[in-house]
Structures are given as C-alpha cells and as structure tokens.
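A.B. asks: Provide a 3D model corresponding to the input given below.
(2 chains)
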Protein chains: 2
Amino acid sequence: MQEFTVSGLAIDSANQSPVVLLKELDGDRVLPVWIGPSEANAIAVRLADVEPPRPLTHDLLKRVIDGAGLRLQRVIISEIRLQTFYAELVIEGEGSILKIDARPSDSIALALRTGAPIFISDALFQEEFGVDPAEDPERGDRLRQRLERIDPEGFGDLSL
Amino acid sequence: MQEFTVSGLAIDSANQSPVVLLKELDGDRVLPVWIGPSEANAIAVRLADVEPPRPLTHDLLKRVIDGAGLRLQRVIISEIRLQTFYAELVIEGEGSILKIDARPSDSIALALRTGAPIFISDALFQEEFGVDPAEDPERGDRLRQRLERIDPEGFGDLSL
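C.D. replies: Below you'll find the model as predicted:
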C-alpha cells in the first residue's frame, strides 16, 4: 500500500463539486477524489487549522472513538467502482481490529483529526497509476481531463 | 427528564436556517432547535426514510458505535447558553457509561438512526417551558416569536 497525504482542496469547474487532492508521500502522483460540500468543509477547517465555534460531526466521531478507548490506526482508500471511491477505517480496539466501510471524504476528514495515515490500496493504485498512458491512452486522458477541470484557486468560495 | 420526539423539520423564514422541531412525548409542547443545513439533511433523510446512495457521516458514526459493541442509550438536550443548545450522547459500553458532549443536531441525527430516545434535561425544560408567560412576558414572547418565524412548509427546498 502507498501512503498519501492531503495536498489540498479544489473545485471541479465543470460541476462546482469540491475535490480533495491526495498526493503520494514518496512521489508526485495526485489522486483527485470528488466529495460533498459538507465533508469538504470538514476537511477545509482542519487544513486551515480553524476551530469551528461548535464541534463538527467528524469531531464528534473522533470523540466517540477516543471515549471508547479506540484508535484510528489508518484509513485505506480501497477501490473505485462506477466512478465512486470506497474507503475503509481501520480502528484498533483492545486486542482487536475493526474495519468499517466509509466514504473517502469521511475517512479523510477523520484522519486529519486523529493524525492517522491515509493509504491507497494496491489494487486502486494499480488501477489509477499502474498503467502506462501509452498502453491505455483512454485511461491517461480521463485522468488528465479530470485534473484539467480542477481549479485549485476556486476553493476559497466554500463557506465555512 | 422529559422525553421528546422529532415532529418535523422547518425553515426559519427570518434567516433561512433549518429548525428541528422536538415535541413532548406526553404533551403538545414543542421545542424548536436551530441547526445547520448538513445536519438538517442527515435528519431529513431519516424522517423521509430515504436511503442515500452512500452512507452519510451519521451513518458512519452509527457503524463505529455498533462495530465497537457500544449502544446509544439516550440523547439528552441538556442546556441553552447564549441561544445555543447543548446536548450529550449517553453511550453504553460493556459495564460502563460514556457521556459525550455533542451538538443537538448530531445527537438527534444519531438517535433517529439507532432508535435511541431523546430527552430534555429538567433544567432546560424548566427554562423553556416552566415559566408562565404571564410571569415573564418577555420569555413567552421570545418563544412565540421564534415559533412564528418558522415555516414548516418551506423545508422541501432543502436538497437531499
């Protein structure tokens, strides 16, 4: 598995959807993941190190995990099906590991609050980056088109 | 403590803020609680019994609680300070009780997913309902004004 970090948020100019940009820890490859506005907000406040007046839902999720004596060990962005990404929370209990299916957006918002690392599964990494664009020009084009639509400057409009 | 149920959602016409209406289980008194749009959405999908295409953040919170072998015993709307309501999740673990501060909106969205009852603390009940409006006209007027601003029909506009 490859570790990625959150390099920023952006807006897809085609549909005004927020996008979270995950960047390879040991490289320059970027995986854009389309997310909803309220999860983008939950990520944005952490990236900007803003303390909202009230704890947000992801802050509550962290409180429940902490309060139950659990620890978010890692987040894995596991697969993409029908252009939708899937993820998994790996939570450590006392001598047990809990794996919980989650949206990437929720997983990332929680990882940013707990300091847990974000991984991309080998299967997803292979699917997104493993194929030489020369061998599969269509796949390369799709990713390029997706990235070209993104306006990283446009994110300031998102209300906090 | 008095048990309340969610009687519906509405829009405060003065500022377009969503409002969740809590109704006394054994009476007709209604407590309006102003909430944010994404929490209103999380409540609306449960009230409408709609299954969103992806689990929302409160669904994930329920999964974490279930997965950890915990149970949401009850939700208590505990107090109001500076016109802001505060609440508490009471979560049962194995032989222990966990109390976690939360926003009323998150608490209610979670209670609707788990079937946990929603209570109003005695102190808050007394503060909101315990005083005869004739004795404290200003307080009665405030509640009446708050309720008059609410348009229960306006909620259909909230995008799901």
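A.B. asks: and A:Leu22, what does it touch?
C.D. replies: The contact partners of A:Leu22, by Cβ atoms under 8 Å, 6 or more residues apart in numbering or on different chains, come to A:4-7, A:30-33, A:77, A:108, A:118, A:120. Any C-beta I mention is one placed from the backbone N, CA and C, and that applies to glycine too.
A.B. asks: what sits against the closest residue to chain B within chain A?
C.D. replies: Proximity of chain A to chain B (Cβ to the nearest Cβ) peaks at A:Ser38, 3.5 Å away. By Cβ under 8 Å, 6+ apart, the contact set of A:Ser38 is B:37-38, B:41, B:57.
A.B. asks: A:Ser96: which of these is nearest?
C.D. replies: B:Thr57 (23.8 Å; Cβ to Cβ).
A.B. asks: distance check, the residue lying closest to the closest one once chain neighbours are set aside against B:Asp49.
C.D. replies: Among residues not flanking B:Thr57 along the chain, A:Thr57 sits closest, at 4.7 Å (Cβ to Cβ, 6 or more residues apart in numbering or on different chains). Per Cβ to Cβ, to the nearest Å, A:Thr57 is found 21 Å from B:Asp49.
A.B. asks: which one's more surrounded, those two?
C.D. replies: A:Thr57 (27 against 6; other Cβ atoms under 10 Å in any protein chain shown).
A.B. asks: is it true that that one touches B:Lys62?
C.D. replies: No: the pair A:Thr57 / B:Lys62 is not scored as a contact, 11.8 Å apart, by Cβ atoms under 8 Å.
A.B. asks: returning to what we had before: so which of the contacts of A:Leu22 reach chain B?
C.D. replies: With Cβ under 8 Å from any Cβ of the partner chain as the criterion, these include none near chain B.
A.B. asks: among the residues you listed, which ones are buried?
C.D. replies: Using 16 or more other Cβ atoms under 10 Å in any protein chain shown as the burial test, those include A:4, A:6-7, A:30-33, A:77, A:108, A:118, A:120 as buried.
A.B. asks: could I get those in TSV, plus columns for pLDDT?
C.D. replies: Output for these, formatted as TSV (pLDDT from 0 to 100):
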residue	pLDDT
A:Phe4	97
A:Val6	97
A:Ser7	95
A:Val30	93
A:Leu31	93
A:Pro32	93
A:Val33	94
A:Ile77	97
A:Ile108	98
A:Ile118	98
A:Ile120	96
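A.B. asks: out of those, list just those in helices.
C.D. replies: A:Ile108 (DSSP state H).
A.B. asks: name the nearest of the buried ones among the contacts of A:Leu22 relative to B:Lys23.
C.D. replies: The closest of the buried ones among the contacts of A:Leu22, once distances to B:Lys23 are taken by Cβ to Cβ, is A:Ile108, at 37.4 Å.
A.B. asks: in this structure the closest one contacts A:Arg74, no?
C.D. replies: No: with contact defined as Cβ under 8 Å, A:Ile108 and A:Arg74 do not form a contacting pair (11.9 Å).
A.B. asks: give me the element the residue of chain A closest to chain B is part of.
C.D. replies: Using DSSP states H and E, A:Ser38 maps to helix A:37-47.
A.B. asks: great, nothing more from me.
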